[in-house]
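**Q** predicted structure and sequence below. I'll ask about it afterward.
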Amino acid sequence: MTNKVFMLMTFIGVPVSVIGTMMHWSNIILFILYCLTIISLSSFMGRATESLAIVAGPRIGGLLNATFGNAVELIISIFALKAGLVEVVLASLTGSVLGNLLLVAGLSFFVGGLKFKRQEFNVYDARHNSGLLMFAVMIAFVIPEVFSINMNESSTLTLSIGTSVILILLYLSALFFKLVTHRGVYQSAAPKDAHEEEIPEWSKGKAIAVLLIATIAVAYISEHLVHTFEYVGERFGWSDLFIGVIIVAIVGNAAEHASAVLMAYKNKMDISVEIAIGSTLQVAMFVLPVLVLISLLFETSMPLIFSWQELIAMVSSVLLMVVISNDGESNWFEGLTLLAAYVIMGIGFFLL
């Protein structure tokens with residue numbers, strides 16, 4: 001039923017979005033239309049990556065889901081950088097970190113915990129990811145902010161570029177570690193027969209084709225979505241920070257949100273956690289550094305400098321997730337705790 005609704009939204013939303021853009025409809029109407037269409041397209045991306053995950057296994061599947069889910073946000077961010085909306089981009093990436101660690105993981109733990117009293121996932125992956133999360137946010141994000149206080153803009157940008165290159169190299173090394181040198185060394189704690197009898201919804205070729213077509217459509221709509229931010233912000237009194245942290249982050253990560261919760265409901269916690277935490281790592285260690293480097297091609301460069309509110313929110317989220325996930329188990333109350341933290345931060349960013 002849900003798939004049919006998203007299919008209807010996509011087949012109506014894409015052509016109507018094109019018509020609305022050409023006819024210069026109201027920015028409010030276009031903003032809502034673009035967001036709903038991107039979310040419906042994200043559902044197709046989620047279904048395609050789920051099919052690929054069944055074939056490739058939980059680690060590769062989670063990585064694919066995170067990658068194509070973040071592709072939406074990466075596309076939106078590139079067009080926002082081109083438009084000079086650096087604060088919106090940084091805020092959206094902050095929102096992505098908060099959304100994945102608190103909203104996505106929280107909903108997954110909560111929904112899965114309502115059906116199963118106790119769910120398990122790979123504790124070794126959880127501890128490995130915890131170390132990377134603490135490095136990415138508490139070292140690579142905080143250090144540039146602290147050192148930039150006594151630096152000029154040129155030195156700050158140089159530090160940001162150096163940090164970005166190191167983050168990208170470390171992220172690629174982490175993938176090599178998990179998927180090549182130590183593949184299968186740390187076995188999953190999840191039931192081994194969880195994926196045996198499942199048949200993918202789409203074939204490998206069809207799933208890849210759907211991903212490519214959906215990504216192209218998202219790229220087109222995202223370019224026009226960015227141009228509605230300023231008007232919508234003024235109309236509703238939303239700051240760039242709130243638009244980035246909450247609105248863009250939720251829209252940009254819709255595919256991951258749906259897929260992670262669905263996997264948790266099916267008791268496939270390895271995939272669910274890989275989507276939530278793996279996506280956060282990809283944003284922090286790959287997407288953000290890549291955007292810093294891409295911004296050098298545009299008129300306004302983007303240094304790796306967040307506001308103190310953003311930094312404290314991200315550090316708090318990482319610490320909370322590390323404490324909750326390090327035992328390799330989850331329940332509905334832990335999910336509710338993560339959701340409560342997200343709501344509190346959301347209220348704070350709204351009132352800021």
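**A** Now that the structure is in, tell me what you want to look at.
**Q** rounded mean pLDDT for stretch 304-312, please.
**A** If you average the pLDDT over stretch 304-312, you get 91.
**Q** low-confidence stretches in the stretch 151-300 of the chain?
**A** Along the stretch 151-300 of the chain, segments meeting pLDDT under 70 span 184-198, 252-256.
**Q** all strands of this protein, in order?
**A** 119-120, 329-330 (DSSP state E).
**Q** can you list the neighbours in contact with the last one?
**A** Which is strand 329-330. For strand 329-330, the surrounding residues in contact (C-beta atoms under 8 Å, 6 or more residues apart in numbering) are 108-109, 112-113, 118-121, 269, 324. Where you see a C-beta, it was placed from the backbone N, CA and C, and this is true even at glycine.
**Q** looking at the strands of the chain, which is buried most?
**A** strand 329-330 (a mean of 22; mean count of other C-beta atoms under 10 Å).
**Q** pairing partners for that strand, with directions?
**A** strand 119-120 (antiparallel) (DSSP bridges).
**Q** how far off centre is the partner strand?
**A** Centre-to-centre, strand 119-120 and its host chain are 23 Å apart (C-alpha atoms, centre = their mean, to the nearest Å).
**Q** can you check stretch 331-350 too?
**A** That offset, for stretch 331-350, works out to 17 Å (C-alpha atoms, centre = their mean).
**Q** if we can go back for a sec, who wins for proximity to A48 among the strands of the chain?
**A** strand 119-120 (25.2 Å; C-beta to C-beta).
**Q** who touches the closest one?
**A** 109, 112-113, 189-190, 264, 267, 269, 328-331.
**Q** what is the neighbour count of V180?
**A** Residues lying near V180 (other C-beta atoms under 10 Å) number 8.
**Q** closest to H24 among the contacts of strand 329-330?
**A** S108 (40.4 Å).
**Q** isn't that closest one up against S259?
**A** No. Under the criterion of C-beta atoms under 8 Å, S108 makes no contact with S259, lying 9.7 Å away.
**Q** of those two, which one has the most company?
**A** Between S108 and S259, counted using other C-beta under 10 Å, S259 has the larger neighbour count: 31 against 28.
**Q** show the pLDDT at the nearest residue in space to that one that is not next to it in sequence.
**A** Distance criterion C-beta to C-beta, 6 or more residues apart in numbering; nearest residue to S259, sequence neighbours excluded, is G46 at 4.2 Å. With respect to pLDDT, G46 has a value of 73.
**Q** in this protein, which helix is the longest?
**A** Using DSSP state H, we find that the single longest helix of the chain is helix 27-56.
**Q** show me what that one is packed up against.
**A** helix 2-22, helix 58-82, helix 204-226, helix 229-236, helix 249-252, helix 254-265 (3 or more C-beta pairs under 8 Å, 6 or more residues apart in numbering; DSSP states H and E).
**Q** at 10 Å instead, please
**A** helix 2-22, helix 58-82, helix 204-226, helix 229-236, helix 249-252, helix 254-265, helix 269-282 (3 or more C-beta pairs under 10 Å, 6 or more residues apart in numbering; DSSP states H and E).
**Q** mind listing what's buried in it?
**A** 27, 30-31, 33-54, 56 (16 or more other C-beta atoms under 10 Å).
**Q** thinking again about what came up before, which of the contacts of strand 329-330 are buried?
**A** Buried, going by 16+ other C-beta under 10 Å: 108-109, 112-113, 119-121, 269, 324, out of those.
**Q** which one among those gets closest to M314?
**A** The nearest member of those to M314, counting by C-beta to C-beta, is I324 at 15.9 Å.
**Q** residues in contact with the residue nearest to that closest one when sequence neighbours are not counted?
**A** Spatial nearest neighbour of I324, excluding adjacent residues (C-beta to C-beta, 6+ apart): E334 at 5.0 Å. Listed by C-beta atoms under 10 Å, 6 or more residues apart in numbering, the contact partners of E334 are 105-106, 109-110, 113, 119, 320-321, 323-325, 327.
**Q** give me the lowest-pLDDT entry from these.
**A** Note: of those, the lowest pLDDT belongs to D327, at 86.
**Q** tell me the contacts of it?
**A** Taking C-beta under 10 Å, 6+ apart as the criterion, D327 is in contact with 120-121, 123, 126-127, 334.
**Q** from those residues, which land in helices?
**A** 123, 126-127, 334.
**Q** of those residues, closest to E223?
**A** A126 (37.4 Å).
**Q** measure the closest residue to the closest one other than its chain neighbours to W25 for me?
**A** Leaving aside its sequence neighbours, A126 sits nearest to S325 (C-beta to C-beta, 6+ apart; 4.7 Å). The gap separating S325 from W25 is 44 Å, by C-beta to C-beta, to the nearest Å.
**Q** which one's more surrounded, the two?
**A** Counting neighbours by other C-beta under 10 Å for S325 and for W25 shows that S325 has the greater number, 26 against 14.
**Q** ok, that one touching G106?
**A** No. S325 is beyond contact range of G106, at 11.5 Å (criterion: C-beta atoms under 10 Å).
**Q** quick one: N326 and L339, what's the gap?
**A** Taken as C-beta to C-beta, the span from N326 to L339 is 19 Å.
**Q** out of the two, which sits in the busier spot?
**A** L339 (17 against 13).
**Q** thanks a lot, catch you later.
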